[in-house]
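[1] pasting the sequence and the predicted coordinates here, then a few questions.
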Amino acid sequence: MKRFLFAVFASAAVATPGSAAELVRFQLGEFERSIPIAELVSFAAGKAPGSDLREALRFLKPSERQALQKALNQAAPVDGVMASNFLGTALGKRSIEQLVKLLNQPPDVALDALSSALILAASNNGSLRLIDVLQAYPLPSLPVNLGAVGSLAQTLSREFNLQNTLFSRLSSLNGAPGTGPDLSAAARSGSITFKEIPFQFKGRVVDRIKAGIFLPESARPSMRSPLVVLAPGLNTDMNALLYVGKTLASHGYAVASLDFPFTSADTVTAAIEGSGAIPPANAWYRQPITVSDLIDQVRSRWGSRVDTQRVGLLGQSLGGYTVTALAGAQLDWPNLVKVCRQLDDPSTVVLNPAVVWQCAAPGRVVKRANFRDPRVKVAVAVNPVTNPIFSSRSMAQVDVPFLVIAGLKDIFAPPISQQLIPFTAIRSPGSVLAVQNNGTHLSFLDGTSDLPKVVIGPDQPLARTELQGLAKLFFDRHLLGATAEPPLIHSPEAGVVVGSEPLPLLLRSTLTMPQLKQVEPGLAEVP
């Protein structure tokens, strides 16, 4: 995931008006204005703005000036080699094409110049800062499309403000929420011992797959354990979610996990180095099939001890897409093609990483729609990538209890487009939306502590405890049929709050589009 930061920070860099080697130019009414790059450098260093910049800053609120100063200095852990290799991938090219729309230059000229500036800026100090990109732009001046930048700035500002207010707005729908179950108590390890068994197998669409299983030691050999399968996300492996599996296994679940060889950390590294794609073209097709293959393997190897007709799934990010497909949502290829036309509209700048990423798929994949596996009885999707590959019609096809977990500060799979709007279409009884305040795309993953705080978010140990508790309670109720236990939500209309600060979660069993538009008027289905 570290290398993927480039796409997002590059987007943020050019989303703010930039500068050429000497000047940034923009049209204001009938007059052309310019700001010297030297004044921006001084301002970024904390000095008083020069006369030209001071004139421009008059149009900004004090908070916006502070945000600009911070943006100029925000560093991403990206070096020149990473930047260069990423821009050579299909995803990198699509991302830079969107950023070029912000410049008043012929696209081919702007694309080369901006790519050069990004690579050079990242090469200087082994990190990427906006101010360095502005200084590195290789043409005498940088002509900015002020209308496009202004429109984008408003959109980004609106999304930023929504991030900070959405939790309280959702919490106030239908009255004050109640208090839900104690997730810390639910996350405690059980008393059942289990064996960890690594294995490999050959699937229908992949030759060699690395997998593993936690196999409980049952006191009664005749009692078969229910199965939970863990599906990791892009650029991660099974280790990122194994802590959840160990908790479940200690309570009697068999837990199988796998590495997707086509979206693992090694594969993404190969793509960044120029020998692959992000994600490989047929990941959308292969991942659900490979999970079904894993269930087949568990049945053939341990069928006497594991009940593979009662399967729960837990997937994160692209793994969240995978479990959504296996739970019944059919891929809507025409909807994806329609939405992806935005990327070719010169007046629309699409900086939603999940949408740009999905739009690399049409025309390059096996366009199968249905991956439903009837053995799957319940699913948990953590920060899933869903929209527009799944339309509202697709999500209505989910036919098992479905827990969707969204982090309000997820910049890779933005929560409104990728989780909240899709959840409004789910009709399956027992389904729950869990909205984590301050949560990011990486909050729940193990092994990401070396990444910047802005990306991983606060208190990862707390986030992991919350996921352990949510998964345990949800699977107990819908896989074991433990109806004697209290449900996650006892107040269907208002929902409940669980977890702790700084990562409380609001749980709702229903959310409609009218309610979501009440929270945020004018909401677009795919921002």
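    Cool, got the structure. Treat the numbers as computed from the prediction; the structure is a model and nothing was measured.
[2] could you use CA atoms for every contact and neighbour count after this?
    Will do.
[3] can you tell me the closest non-neighbouring residue to residue 391?
    residue 332 (6.2 Å; Cα to Cα, 6 or more residues apart in numbering).
[4] helix or strand next in line after the helix or strand hosting residue 319, which one?
    Using DSSP states H and E, residue 319 maps to helix 318-326. Proceeding C-terminally, helix 318-326 gives way to helix 333-340 as the next helix or strand, assigned by DSSP H and E.
[5] list the helices and strands that next one packs on?
    helix 353-358 (3 or more Cα pairs under 8 Å, 6 or more residues apart in numbering; DSSP states H and E).
[6] and the helix it packs on, what's buried?
    Of the residues in helix 353-358, 353-358 count as buried by neighbour count, 16 or more other Cα atoms under 10 Å.
[7] between those residues, which sits nearest residue 402?
    Residue 402 lies nearest to residue 354 out of these, by Cα to Cα, at 20.9 Å.
[8] tell me how far the nearest residue to that closest one once chain neighbours are set aside lies from residue 479.
    Leaving aside its sequence neighbours, residue 354 sits nearest to residue 413 (Cα to Cα, 6+ apart; 5.3 Å). In this view, residue 413 and residue 479 are 28 Å apart by Cα to Cα, to the nearest Å.
[9] how about residue 487?
    Going from residue 487 to residue 479 by Cα to Cα gives 13 Å.
[10] who has more neighbours out of the two?
    residue 479 (21 against 16; other Cα atoms under 10 Å).
[11] that one: what's it in contact with?
    Neighbouring residues of residue 479 by Cα atoms under 8 Å, 6 or more residues apart in numbering: 226, 310-312, 377-378.
[12] one more pass at 7 Å, please.
    By Cα atoms under 7 Å, 6 or more residues apart in numbering, the contact list for residue 479 reads 310, 312, 377-378.
[13] dump the residues you listed to JSON lines, plus distance to residue 85.
    As requested, the contacts of residue 479 are exported to JSON lines (distance: Cα to Cα, whole Å):
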{"residue": "310", "distance to residue 85": "44"}
{"residue": "312", "distance to residue 85": "38"}
{"residue": "377", "distance to residue 85": "42"}
{"residue": "378", "distance to residue 85": "40"}
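[14] show the buried residues in those residues.
    Neighbour counting by 16+ other Cα under 10 Å classes 310, 312, 377-378 among the contacts of residue 479 as buried.
[15] can you list which of those residues are found in strands?
    With strands defined by DSSP state E, the entries of these inside them are 310, 312, 377-378.
[16] all strands of the stretch 101-250 of the chain, in order?
    All strands of the stretch 101-250 of the chain, identified by DSSP state E, counting those that start in this stretch, fall at 128-129, 141-144, 178-179, 194-201, 209-216, 225-231.
[17] packing partners of the third one?
    If I follow you right, that is strand 178-179. If you count contacts as 3 or more Cα pairs under 7 Å, 6 or more residues apart in numbering; DSSP states H and E, strand 178-179 packs onto strand 496-498.
[18] within the sheet, what are the partner strands of the strand it packs on, with directions?
    The strands beside strand 496-498 in its sheet (DSSP bridges) come out as strand 178-179 (parallel), strand 505-508 (antiparallel).
[19] helices along the stretch 1-150 of the chain, start to end?
    Taking DSSP state H, counting those that start in this stretch as the criterion, the stretch 1-150 of the chain contains helices spanning 5-14, 37-44, 51-57, 62-73, 80-87, 90-100, 107-125, 130-136, 146-171.
[20] could I get these as CSV with distance to residue 283?
    Compiled in CSV, the helices of the stretch 1-150 of the chain are given as follows (distance: least, Cα to Cα, whole Å):
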stretch, distance to residue 283
helix 5-14, 20
helix 37-44, 42
helix 51-57, 46
helix 62-73, 34
helix 80-87, 19
helix 90-100, 14
helix 107-125, 27
helix 130-136, 33
helix 146-171, 30
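[21] tell me who's in contact with the residue sitting nearest the centre point of the chain.
    With distances taken as Cα atoms, centre = their mean, residue 413 lies nearest the centre of the chain, 2.8 Å away. By Cα under 7 Å, 6+ apart, residue 413 lies in contact with 353-354, 383-385, 441.
[22] part of a strand, is it?
    No - read with DSSP: H, G, I helix; E, B strand; the rest coil, residue 413 is coil and lies in no strand.
[23] before we move on, back to that, can you pull the contacts of the residue nearest to residue 391?
    369, 389-391, 394.
[24] go again using 8 Å as the cut-off
    Residue 332 touches 369, 388-391, 394, counting by Cα under 8 Å, 6+ apart.
[25] among those, list the two that are farthest apart in space.
    Maximum pairwise distance in the contacts of residue 332, criterion Cα to Cα, is 13.3 Å, between 369 and 388.
[26] between the two, which one's more packed in?
    More crowded of residue 369 and residue 388, by other Cα under 10 Å: residue 388, with 27 against 16.
[27] which element, helix or strand, includes the more buried one?
    Secondary structure (DSSP H and E) places residue 388 outside all helices and strands.
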